[in-house]
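J.: here you go, sequence then predicted model.
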Amino acid sequence: MNPKRTYKIGTEVKKWVTGNIVMLLFITICAIGIYFAAQPSSYIASEIAIRLFRNLILILSLIIPVWAGMGLNFSIVLGAMAAQAGLIVIMNFDMKGIAGLVIAFAISVPLAAGLGILTGKLFNKTKGQEMITGMILGYFAKGVYELIFMYLCGPVIPMDNPQIMLESGVGINGIITMDASLNGAVDKIWKLPLDKLLWIIFGVLTAFLVLRLVYGGVKRKQADKKCLLLLGIDLLLFIIFVYAIKSLLSFQILCMMTQVPMVTCFLVMIICGFIVFLGRTKLGSDIKAVGQSIPIAQAAGIAVNKIRIIAVVISTVIAALGQIIYLQNLGTFTTYSAHEQIGTFSIAALLVGGASIKKAGIGHAILGGVLFHLMFIVAPIAGKNIFNDAQIGEYFRVFASYAVIALALVLHAWRIHVEEKRKTGALVQIGKEAEVK
Amino acid sequence: MDDKSEPLQIIKKAICTALVINMRKEERAMEGQPVLWFQQIKKKFGENVVLDGVDFKVMPGEIVSLVGENGAGKSTLMNILFGMSVIRQTGGYEGTIYMDGNPLNITNPNDAIHQGIGMVHQEFMLIPGFTVEQNIKLNREPLKKNIFSRVFGHSFETIDWDAENRDAKKALKRIGIDVNPGERIEQLPVGLKQFVEISREIDKENLKVLIFDEPTAVLTETEAEKLLKCIKSFSESGIAVIFISHRLDEVMRISDKVVVLRDGILVENAAVTSLTKEKIAELMVGRKLTERTEEYPDRNIKEEDIILEFRNVSVDMPGEDLRGFSLKVRRGEIIGIGGLAGHGKMAVSNAVSGMYPSTGEVLYNGKPLDVSKTGEALRHEIAFVSEDRKGVGLLLDQSILTNIIFNNLSLKGEFLKSYGFFTQIDNKAAKKTAEQMIEDLAIRCTSAEQLAGSLSGGNQQKVCMARALIAEPKLLFVSEPTRGIDIGAKRLILDYLLKINYEKGITVVMLSSELNELREVCDRIAIVAGGRLRGILGPKESNVKYALMMSGDESVRGGEDSYEKD
């Protein structure tokens, strides 16, 4: 190897590390946590499966505004509120089961879309400050939300279902508990243990890759190298999986314990599919163009303000769906604070997955979801084992999510600074050339 | 109806029609239908008339060069054509633009694009994170229908990557550029970006008029050559070209017609064959010099007594990059830094103030100055009057008094009474100084307590000067001192500069886009063009020489220490 090449690899590695420092830091924290918590892997895996699908849609809802250059959309809290409003309505009318949840979503969609339009309009007036605007808007909306459900429900809005109302007849209960038909309604429809799911995944994936290889080969007259590589990895993982399931007891237990809620999983896949699809459409291209440069997009004739509003609306509506999935899984929610930390935690999770203010994708959301929940699961026990106090772990996880956001913001500013410095470096070069001339 | 007369009438009619058709044909051959006709365009920004009855035509396949100094109205005219929101927000314009004989009604850039007007911008309008092909087809992506798009409308049609690639390749090939369409813009060298932008315009099927806004400013000579060839080939294929450039050589070479604007008035509209480079330069500048109101006796300026020296300074200032700038400022002189906007002259004062990152050396009294620290220059008896009065120069919602003493307060700790750890502003002393300055500079105000934001532009400028002067500087940088100021106040400020220079011996470096005021006040004028020092001229040099040097023309050189290296 010549030295020039190794140097290049060195800088590449350095670039990757600095680009993913939040994620690496979090992996380290999680590794330490797992070591000290010493919980069985089956427990951790099953917990992650539940929590991941519970939260993933909320995390995914953040991606589109990042494309649109609006940073991390703190205003998904509004979507969450719309979802809660939908749930309160159906519970007031005693609607049951999955049909009830569908109606709740149907109610929350126009609400979320309307709020999204207003948010988008506000963001268009505060270009460049979307994040802080979104955050403050969340607090403002909280006030309106409280006014409606704490004081107007009952006297002004006729509601009298004693299950959700306070005894005085004014305002909604602080805690709403869903009945058995609503609690986990989506999750309960179909659950599969992890091993069965993995069989299906490997089966579908292999079939897909083989088909693509065969048909793609016919079409392009040469084997698709990327496809071949993927097939190889797929088969290798499959062999490892078969080996593990046959001979490793702990893995067998893990798979049995981990029940994957398939319908929720499908919903997540639909949202992922939608985001991927959107990325390939005209609208997606416009959103990305606006995110990169508003004046250039404008000069190209793209209706910048409209596109930005659409991005916020999509985000808010997905967030509403996410919140419904989240709450039905929990089965109970605190009426006046369930939405509060949705924004912060979802954003922290996305950032942990390696996303930034300028760049976010589905991969970041999934990886971030896994890592973030991993920390949430192990932190209390790890805290107890290290400091003899579970509270410290509890504190730590809340602290960590805010720290992650702060760190990501600092890193973003720092990256801009480095970029500027690099440009000055180029300028020195130009200056020297000018001197030679 | 009379039977007999009928055939006669038919014949008559036929003859008449034939004649009319023939006449029209002739007319068309002689006059032709202009693809674009700017008819009596007038535009005001507030009270300021920037375009006054500009009227010219552009024929299909014709290359029309639009030349003029900064502020002559070129960009405003193009903004009007493109329906930029600036125009509407400032009250629209008067006059009509005709395209192919029909009045145009353009309210946003999209309308212009649909009408077949394309523009290659000076600062690249390309999205850095997108690929070449994505940029070429931006907002005109070839689309494929799908199930969702049938339901949700055409926004949900997917982009046809293959077609996009094909179109991009075709457009790139047409202008003879070898770029991989999949390459991202940020990875392309500067010169190629311009060509990507041209490809984007060329790819528009109904393109009738293509505008180039200083396209060669960032190109190397060979690239510029290629570009000019490109432009020629467009005009041959029937596309009309409006070419905006300061490089008069290029204007002479490629245009069919030259339109010269000066202060919003069309001063020349003639075939290029009837003009010379010198004639155009003369027309662009045009004005006669006004004389100083007061002559000061000769000062004793020694050529070897250098107060400030720039050694190969480069400044990274967005839109005003300066490269390899070397200049010696003599003690006691007034030196002007002239040049067009965006060519780097504004960066000169910023190289010393440290507002933007820079490289190279700045020597003050022979000793290096650490310009990486803002405020360092101020501690060395160097003062600045910024061109951006409202942004950087003044605290608008503070009183005149605060504005005047602010720098001294924070940098030198003057006007402060000290009580151990605490300090308090010495209002009495501050007020006395401020009132003295108000009197000296004839700042029109009710009292020293009046808010700076409520003053007129000229008086604000005086407050800025006052602030710089109470620091008792030895060296004063003044940027665009008369921008946005009425004529009376202009005179006063220029005279005051002369006065302090003579009476207090303050060396003045004056940066201005207005050549005439530089020539009125300065002993020497350094001209910066294209980010480089082009030469130093005396105030009495000819208009032509100035105009050519400002347009970066290599044939004109002047001044003792231009291109000097040490």
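T.: Yep, that arrived.

J.: pull up the per-residue confidence for the closest residue to B:A377 other than its chain neighbours.
T.: Spatial nearest neighbour of B:A377, chain neighbours left out: B:V352 (5.1 Å); criterion: CB to CB, 6 or more residues apart in numbering or on different chains. Using the backbone N, CA and C atoms, a C-beta is placed for each residue, glycine as well. For B:V352, the model assigns a pLDDT of 85.

J.: what ranges do the strands span in the stretch 201-350 of chain B?
T.: Using DSSP state E, counting those that start in this stretch, the strands of the stretch 201-350 of chain B run over B:209-213, B:240-244, B:257-262, B:265-271, B:306-315, B:322-330, B:334-338.

J.: just name the most buried of those strands.
T.: Highest mean neighbour count of the strands of the stretch 201-350 of chain B: strand B:334-338, a mean of 26 (counted as mean count of other CB atoms under 10 Å in any protein chain shown).

J.: now the angle from that one to strand B:306-315?
T.: If you take axes from the mean of the first three to the mean of the last three CA atoms, to 10 degrees, strand B:334-338 sits at 20 degrees to strand B:306-315.

J.: about what we covered before: among the strands of the stretch 201-350 of chain B, which is nearest chain A?
T.: Closest approach to chain A among these (CB to the nearest CB): strand B:322-330, 2.9 Å.

J.: quick check, A:N161 in a strand?
T.: No. Counting by DSSP: H, G, I helix; E, B strand; the rest coil, A:N161 is not found in a strand; it is coil.

J.: quick one on the thing from earlier: okay, the strands of the stretch 201-350 of chain B in TSV with distance to chain A and mean pLDDT next?
T.: Shown next, in TSV, are the strands of the stretch 201-350 of chain B (distance: least, CB to the nearest CB, whole Å; pLDDT from 0 to 100):
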stretch	distance to chain A	mean pLDDT
strand B:209-213	12	89
strand B:240-244	16	92
strand B:257-262	23	90
strand B:265-271	27	88
strand B:306-315	4	89
strand B:322-330	3	89
strand B:334-338	18	91
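
J.: JSON lines for those strands, including distance to B:Y98?
T.: Shown next, in JSON lines, are those (distance: least, CB to CB, whole Å):
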{"stretch": "strand B:209-213", "distance to B:Y98": "12"}
{"stretch": "strand B:240-244", "distance to B:Y98": "13"}
{"stretch": "strand B:257-262", "distance to B:Y98": "16"}
{"stretch": "strand B:265-271", "distance to B:Y98": "16"}
{"stretch": "strand B:306-315", "distance to B:Y98": "45"}
{"stretch": "strand B:322-330", "distance to B:Y98": "42"}
{"stretch": "strand B:334-338", "distance to B:Y98": "38"}
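
J.: picking that back up, the residue nearest to B:A377 contacts B:E361, correct?
T.: No. Look at B:V352 against B:E361 with CB atoms under 8 Å: they stay out of range, at 11.4 Å.

J.: out of the two, which sits in the more crowded spot?
T.: More crowded of B:V352 and B:E361, by other CB atoms under 10 Å in any protein chain shown: B:V352, with 25 against 14.

J.: list the contacts for that one?
T.: By CB atoms under 8 Å, 6 or more residues apart in numbering or on different chains, the contact set of B:V352 is B:308, B:362, B:369, B:371, B:377, B:382, B:384, B:477.

J.: if you look at those, which of them are in strands?
T.: Assigned to strands by DSSP state E, the following of the contacts of B:V352 qualify: B:308, B:362, B:382, B:384, B:477.

J.: number of nearby residues for A:D389?
T.: By the criterion of other CB under 10 Å, A:D389 has 13 neighbours.

J.: thought it was touching A:P380?
T.: No. Using CB under 8 Å, A:D389 is not in contact with A:P380; the gap is 9.6 Å.

J.: the closest residue to chain B within the stretch 51-200 of chain A: what secondary structure?
T.: Nearest residue of the stretch 51-200 of chain A to chain B, counting by CB to the nearest CB: A:G69, 10.4 Å away. Three-state assignment for A:G69 (three-state DSSP): coil.

J.: coming back round to it: go through the ones in strands among the contacts of B:V352 and name the one nearest B:R253.
T.: Closest approach to B:R253 among the ones in strands among the contacts of B:V352 (CB to CB): B:F477, at 38.4 Å.

J.: what number of residues lie near the closest one?
T.: Burial of B:F477 is recorded as 24 neighbouring residues (other CB under 10 Å).

J.: what about A:I416, distance to chain B?
T.: Remark: distance between A:I416 and chain B (CB to the nearest CB, to the nearest Å) = 13 Å.

J.: do A:M256 as well
T.: Using CB to the nearest CB, A:M256 is found at 39 Å from chain B.

J.: and that residue, what helix or strand is that in?
T.: helix A:249-257 (DSSP states H and E).

J.: returning to what we had before: among the strands of the stretch 201-350 of chain B, which comes closest to A:L205?
T.: Set against A:L205 and scored by CB to CB, the strands of the stretch 201-350 of chain B come closest in strand B:209-213, at 50.5 Å.

J.: near chain A, which residues of chain B?
T.: B:108-110, B:113, B:119, B:121, B:125-130, B:134, B:138-139, B:141, B:143, B:148-149, B:154-159, B:312-314, B:316, B:321, B:323-324, B:357, B:359-360, B:532, B:565 (CB under 8 Å from any CB of the partner chain).

J.: domain parsing for chain B?
T.: B:33-116+B:207-284, B:126-205, B:305-381+B:473-566, B:394-470 (automatic domain parsing).

J.: just the CA coordinates for stretch B:130-150, please, in PDB.
T.: C-alpha atoms of stretch B:130-150 as PDB (Å, rounded to 0.1, in the frame of the first residue of the first chain):
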ATOM      1  CA  PHE B 130     -28.300  17.800  -6.600                       C
ATOM      2  CA  THR B 131     -26.700  16.100  -9.600                       C
ATOM      3  CA  VAL B 132     -26.100  17.800 -12.900                       C
ATOM      4  CA  GLU B 133     -29.100  16.100 -14.500                       C
ATOM      5  CA  GLN B 134     -31.300  17.000 -11.600                       C
ATOM      6  CA  ASN B 135     -30.300  20.600 -11.900                       C
ATOM      7  CA  ILE B 136     -30.800  20.700 -15.600                       C
ATOM      8  CA  LYS B 137     -34.300  19.300 -15.300                       C
ATOM      9  CA  LEU B 138     -35.200  21.100 -12.100                       C
ATOM     10  CA  ASN B 139     -38.900  21.700 -11.900                       C
ATOM     11  CA  ARG B 140     -39.200  20.300 -15.500                       C
ATOM     12  CA  GLU B 141     -38.600  16.700 -14.600                       C
ATOM     13  CA  PRO B 142     -39.900  14.100 -17.000                       C
ATOM     14  CA  LEU B 143     -42.600  12.200 -15.100                       C
ATOM     15  CA  LYS B 144     -44.200   8.900 -15.200                       C
ATOM     16  CA  LYS B 145     -47.800   8.300 -14.100                       C
ATOM     17  CA  ASN B 146     -48.600   5.700 -11.500                       C
ATOM     18  CA  ILE B 147     -51.700   4.600  -9.500                       C
ATOM     19  CA  PHE B 148     -51.200   7.300  -6.800                       C
ATOM     20  CA  SER B 149     -50.700  10.100  -9.200                       C
ATOM     21  CA  ARG B 150     -54.100   9.300 -10.800                       C
END
